[in-house]
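Colleague: I'd like to go over a predicted model; first the sequence, then the structure.
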Amino acid sequence: MLMRGGTSKGAYFLAGDLPADPSVRKELLLRVMGSPDPRQIDGIGGAHPLTSKVAVVSASPAPEADVDYLFLQVSVAEAQVSDRQNCGNLLAGVGPFAVERGLVPAGDARTSVRIRMLNTGDLATASFPTPGGRVSYTGGAKISGVPGTAAPVVIEFPQGAGPLLPTGRAVDLVGGTPVTCVDNGMPTVLIAASGLRITGYEDPADLEQNQDLRTRLHELRLAAGELMGLGDVRTTTVPKLTLLAPPRNGGAVTTRTFIPVRCHTSIGVLGAASVAAGLRIPGSVGEGIAQLPSAGSQGGLVRIEHPTGFLDIETEIATGPPPVARRTAVVRTARKLFDGTVFPRPAAETEA
Ligand code: NQM
């Protein structure tokens, strides 16, 4: 099933419909998406990391979850499929997909699905309307970066398993640049845009063209990845890099996020959850840049401004030490776009 999940788009599969062996599955998914090819012309990928995604869903054996969700990022131009990161946007479609495929029975009015996210081991609960026992995709919720409105999918995250500050510090100096390394569901490096000699309000396409910036971000990411315990991150999609600037439209902060080479046209859900948590940590690089709703408050809504609007994140932080994100919540929307059979490019033709 092809679905839009939040501001991303991907192919949702039942785990049983895919090869169990990860290397066989990888080869199949590359062919399904049309990778490696910058245009993904021979597959169903959308030629951008945000539209070259896969969700693998199955009934969960874990007592605390109804379904298991494995996110796979299919690279566009390289022959890579990675399970090293999670995706909170495709997560929005997992509950509806689970009901559509009969993995979870629908309630009469609403359905809540408890999801175990296999990439991180963290849990989420997604609630969405199911009037008359069928998923309804229509409704009045509007999210920035998606035209029109749709049914709200409310997603709640309990406290994650890993540390909120993977380096144990609110600020690290990386090559002379102060950064905050934070992980509230997505390993993210926060950096003041002004420290990189940009305003932080530039268009994503312009930032992608800025060769000096790209080189600097690459160096910062490699060093921060080591500090965060992620090892050599040269070929992985985490950590993400979020550049911070003061808000301009009534929110808490302006962001430009590199995921990690392309600049996001909005911001990822778990990426935003990590930014929101990071801003609330005393002494983080967000201090003096972000304007939190009530200074000193450790709970409530944080509005993250991004290139196409904003994303509201509710976080509850206990400042510790060590600080922890007790709860995070967000509203997204999802839509079923197509349900059918995909015909991947035959394996034999791949290398021809
Ligand atoms: O952070 C893009 C997206 C994402 C990830 C990325 C996401 C998240 O917008 O939860 O959703 O950071 O690669 O889909």
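Modeller: Nice, I can see it.
Colleague: okay but Thr130 is in contact with Asp108, surely?
Modeller: Yes - at 7.4 Å, Thr130 counts as touching Asp108 under the criterion of C-beta atoms under 8 Å. Placement of C-beta: from N, CA and C, glycine included.
Colleague: Show me which of these two is the more surrounded one.
Modeller: Neighbours of Thr130 and Asp108, each counted by other C-beta atoms under 10 Å, are more numerous for Thr130; the result is 22 against 9.
Colleague: mind checking how far that one is from the ligand?
Modeller: 23 Å (C-beta to the nearest ligand atom, to the nearest Å).
Colleague: Please state the backbone phi and psi of that residue?
Modeller: phi -140, psi 60 (degrees, to the nearest 10).
Colleague: show me what contacts the residue of the stretch 1-150 of the chain found nearest the ligand?
Modeller: For the stretch 1-150 of the chain, the residue closest to the ligand is Gly88, as judged by C-beta to the nearest ligand atom, at 2.7 Å. Contact partners of Gly88, counting by C-beta atoms under 8 Å, 6 or more residues apart in numbering, are Gly6, Ile155, Gly185, Met186, Gly268, Val269, Leu270, Gly271, Ala272, Ala273, Val330, Arg332.
Colleague: now swap in Ala47 and tell me
Modeller: Counting by C-beta under 8 Å, 6+ apart, Ala47 has contacts Pro38, Arg39, Gln40, Val76.
Colleague: could you redo the last one with a cut-off of 10 Å?
Modeller: If you count contacts by C-beta atoms under 10 Å, 6 or more residues apart in numbering, Ala47 has them with Met33, Gly34, Ser35, Asp37, Pro38, Arg39, Gln40, Ile41, Val76, Ala77.
Colleague: Doesn't it belong to a strand?
Modeller: No - Ala47 is assigned coil when assessed by DSSP: H, G, I helix; E, B strand; the rest coil, not a strand.
Colleague: For it, give me the pLDDT.
Modeller: Per-residue confidence (pLDDT) for Ala47: 97.
Colleague: Same check on Pro293?
Modeller: Confidence score, pLDDT, at Pro293: 78.
Colleague: separation between it and Arg332?
Modeller: Pro293 is 21 Å from Arg332, where distance means C-beta to C-beta, to the nearest Å.
Colleague: Of the two, which one has the most company?
Modeller: Shown here are Pro293 and Arg332; by other C-beta under 10 Å, Arg332 has more neighbours (27 against 12).
Colleague: Could I get the pLDDT score of the more buried one?
Modeller: Model confidence at Arg332 (pLDDT) stands at 97.
Colleague: quick one: it is in a strand?
Modeller: Yes - the assignment for Arg332 is a strand, going by three-state DSSP.
Colleague: Work out for me the element Phe97 sits within.
Modeller: Assigned by DSSP states H and E, Phe97 belongs to helix 91-100.
Colleague: C-terminal to that helix, what's the next element?
Modeller: Next element after helix 91-100 (DSSP H and E): strand 110-117.
Colleague: which other helices and strands contact that next one?
Modeller: strand 67-74, helix 91-100, strand 122-129, strand 152-158 (3 or more C-beta pairs under 10 Å, 6 or more residues apart in numbering; DSSP states H and E).
Colleague: For Asp122, give its distance to Arg114.
Modeller: 12 Å.
Colleague: ugh, wrong one, I meant Ile267
Modeller: For Ile267, the distance to Arg114 - C-beta to C-beta - is 25 Å.
Colleague: Please say which of the two ends up with more neighbours.
Modeller: Neighbours were counted for Ile267 and for Arg114 using other C-beta under 10 Å; Ile267 has more, 31 against 17.
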